[in-house]
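Peer 1: Need the 3D shape of this:
(chains A, B, C and D)
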Amino acid sequence: MKVLYFAWLRSRIGVGEEDLCLPAGIATVGELINWLKTRSPGHAAAFSDAGLVRAAVNQDYAGLDHPLRPGDEVAFFPPVTGG
Amino acid sequence: MKVLYFAWLRSRIGVGEEDLCLPAGIATVGELINWLKTRSPGHAAAFSDAGLVRAAVNQDYAGLDHPLRPGDEVAFFPPVTGG
Amino acid sequence: MTVRVQREDFDPGAEIAALGVGGTEIGAVASFVGLVRGGTDGVAAMTLEHYPGMTERQIAAMVDEACRRWPLDGATVIHRFGRLTPGDRIVFVGVASRHRAAAFAACEFLIDWLKTRAPFWKLEEGAGTSRWVEAKDEDDARAKRWQKED
Amino acid sequence: MTVRVQREDFDPGAEIAALGVGGTEIGAVASFVGLVRGGTDGVAAMTLEHYPGMTERQIAAMVDEACRRWPLDGATVIHRFGRLTPGDRIVFVGVASRHRAAAFAACEFLIDWLKTRAPFWKLEEGAGTSRWVEAKDEDDARAKRWQKED
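Peer 2: So this is what the prediction gives:
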């Protein structure tokens, strides 16, 4: 599964993109976050305040209970500040 | 006194501007309109529906009871349709 | 603050660019361009008559009022007169401000007031005749939104 | 309907002109240009990061929604990314319609939604450091004005 990070999530994790093999039992965005937090101190720091993180699945905004399927593109980023 | 007419008031009266010597006793815009109506059938037609006529004195909107003074520039026109 | 009443066309891009260079505190330029519509009744052209002197005076007063109501860094109003055909630009209103809410509000305020207070009259030509356009109640209603409760 | 996400600058005048030629029924083009502000804290530059693909997709969805809500004859959204300095243009939103009320409403809707839904992030540089700009509650509040009661 392709996972993307933007803005300060990218800075803290150290990469903008990861291709990950998820272990069994990760079926939602929220479960993916909990697993990502265990991967490195940078990941843990990036996801330490869940209220500051937004998620997208296949380039649409998605909540924590959004289901994940093989081949999905998942992205995490802070609240947007364009315009 | 300089009196100006615009749009269909000008068409009906036949001129866009008149330099008039007002008789005594004309002290307001409303009194001026009543006197102008007596000047010609065109004037009478132009002012036949007072609700459709707007007035300005010295280039500011003015009501029927607005006082007139020597040297004032008075204008009559329909509701505006610019923009 | 710029007010121009002219027969010639104008360049919205140049006006917007000029508004944006008023200082690095400007974050927003809202603008409006009004165009001559052809209409379903086949209007071929229109002639805009105005009251020289009063027009500039009334528009300048509107711009002053907008500056009192909102924190603006610049405002430009250009209104054409003379003969225009469908697709021609009639009016430009542009407002620069630190924040977009003020820029949008002042821009709408100015065009609503222009429609109901600036002394212009449209004579439409079509199918061999001409007629003076009547003022719209809808425009009066939109302008009334901005009246303050004193 | 035009959506562009690009590093290069854009020309507001050319975009407004293009919106106006969509047909002689267009009477109004409302537009918005967002500029980089210097700020009192002396921001020297900013870098706009975005999420290629999702950005275009989200903006196109906003434009579609605007077309469903208002009778529009054209809409253009251009958003830049990359490094920008104070006074630079960031974003253009332009909307053409028969009537000005729809043009203004759709233009404000689009910029409010862009601010809260389009995946862009600003990294500000100033005084030797850089920091990610935080989202504003005020922007969320403005975007919420457009939420429908279903």
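
Peer 1: So residue A:74: helix, strand or coil?
Peer 2: Recorded secondary structure, residue A:74: strand (DSSP: H, G, I helix; E, B strand; the rest coil).

Peer 1: again, but for residue C:58
Peer 2: Recorded secondary structure, residue C:58: helix (three-state DSSP).

Peer 1: wait, it sits on residue C:120?
Peer 2: No: using C-beta atoms under 8 Å as the test, residue C:58 is too far from residue C:120 to be in contact (10.0 Å). (C-beta placed from N, C-alpha, C; glycine too.)

Peer 1: all helices in the chain, in order from the N-terminus.
Peer 2: All of this is about chain A. A:7-13, A:29-36, A:41-46 (DSSP state H).

Peer 1: ah, I was thinking of chain C
Peer 2: Using DSSP H, helices in chain C cover C:12-20, C:54-69, C:100-117, C:137-144.

Peer 1: Compare neighbour counts for residue C:58 and residue C:120 and give me the winner.
Peer 2: A count of neighbours by other C-beta atoms under 10 Å in any protein chain shown puts residue C:120 above the other of residue C:58 and residue C:120, at 26 against 23.

Peer 1: so how far is residue A:54 from residue A:6?
Peer 2: Residue A:6 sits 9 Å away from residue A:54, going by C-beta to C-beta, to the nearest Å.

Peer 1: Of these two, which one has the most company?
Peer 2: Neighbours were counted for residue A:6 and for residue A:54 using other C-beta under 10 Å; residue A:6 has more, 22 against 17.

Peer 1: Now the more buried one. Nearest residue, chain neighbours left out?
Peer 2: With C-beta to C-beta, 6 or more residues apart in numbering or on different chains as the criterion, residue A:6 has its nearest non-adjacent residue at 3.8 Å, and that residue is residue A:77.

Peer 1: who's in contact with that neighbour?
Peer 2: Residue A:77 sits next to A:5-7, A:9, A:53-54, A:56, D:51, D:119, D:121 when contact means C-beta atoms under 8 Å, 6 or more residues apart in numbering or on different chains.

Peer 1: Pick out the residue of chain C closest to chain A.
Peer 2: Closest to chain A within chain C is residue C:100: 8.4 Å, counting by C-beta to the nearest C-beta.

Peer 1: what's the pLDDT at that residue?
Peer 2: What the model reports as pLDDT for residue C:100 is 94.

Peer 1: got it, and residue C:142?
Peer 2: Residue C:142 carries a pLDDT value of 88.

Peer 1: does it really touch residue D:105, like I thought?
Peer 2: No: applying C-beta under 8 Å as the test, residue C:142 and residue D:105 come out as separate, 12.0 Å apart.

Peer 1: and residue C:6, bridged to which residues?
Peer 2: Assessed by DSSP bridges, residue C:6 has beta-bridge partners residue C:80.

Peer 1: any idea how far chain D is from it?
Peer 2: Distance, residue C:6 to chain D, by C-beta to the nearest C-beta, to the nearest Å: 17 Å.

Peer 1: cool, and residue C:120?
Peer 2: 15 Å.

Peer 1: Can you say which of the helices of chain C is nearest to residue D:7?
Peer 2: Nearest of these to residue D:7, taken as C-beta to C-beta: helix C:12-20 at 19.4 Å.

Peer 1: dump the residue contacts of the residue in chain C that chain D sits nearest to.
Peer 2: Nearest residue of chain C to chain D, counting by C-beta to the nearest C-beta: residue C:13, 1.6 Å away. Counting by C-beta under 8 Å, 6+ apart, residue C:13 touches D:11-14, D:16-17.

Peer 1: Could you do residue C:35 as well?
Peer 2: Residue C:35 makes contact with C:87-90, D:20, D:26-29 under the criterion C-beta under 8 Å, 6+ apart.

Peer 1: what residues does chain C put near chain D?
Peer 2: Chain C comes close to chain D at residues C:11-14, C:16-17, C:20-21, C:24-39, C:86-87, C:89, C:98, C:100-101, C:103-104, C:107-108, C:111, C:142, as judged by C-beta under 8 Å from any C-beta of the partner chain.

Peer 1: Just the buried residues from those, in ChimeraX please.
Peer 2: In ChimeraX, selecting the buried portion of the residues of chain C next to chain D, with burial taken from 16 or more other C-beta atoms under 10 Å in any protein chain shown, looks like this:
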select /C:12,13,16,17,20,24,25,26,27,28,29,30,31,32,33,34,35,36,37,38,86,89,98,100,101,103,104,107,108,111,142
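
Peer 1: Stretch C:90-102 near chain B at all?
Peer 2: Yes: judged by C-beta under 8 Å from any C-beta, stretch C:90-102 and chain B are in contact via C:90-91.

Peer 1: Can you list the buried residues in that stretch?
Peer 2: Neighbour-count burial for stretch C:90-102 flags C:90-98, C:100-102 (criterion: 16+ other C-beta under 10 Å).

Peer 1: Quick check: closest non-adjacent residue to the closest residue to chain D within chain A.
Peer 2: Proximity of chain A to chain D (C-beta to the nearest C-beta) peaks at residue A:82, 2.6 Å away. Distances taken as C-beta to C-beta, 6+ apart put residue D:120 closest to residue A:82, at 2.6 Å, once the chain neighbours are dropped.

Peer 1: check contacts around that neighbour.
Peer 2: A:80-83, D:48-50, D:55, D:79, D:81.

Peer 1: Get me the contact residues on chain A for chain D.
Peer 2: For chain A, the contact set with chain D under C-beta under 8 Å from any C-beta comprises A:4, A:6-8, A:56, A:59-61, A:75, A:77-83.

Peer 1: Buried only: go through these for me.
Peer 2: Burial by neighbour count, judged by 16+ other C-beta under 10 Å, picks out A:4, A:6-8, A:56, A:59, A:75, A:77-83 from those.

Peer 1: Out of those, which sit inside strands?
Peer 2: Of the positions in these, A:4, A:56, A:75, A:77 sit in strands, assigned by DSSP state E.

Peer 1: May I see those residues arranged in TSV, with pLDDT as well?
Peer 2: Output for those, formatted as TSV (pLDDT from 0 to 100):
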residue	pLDDT
A:4	98
A:56	98
A:75	98
A:77	98
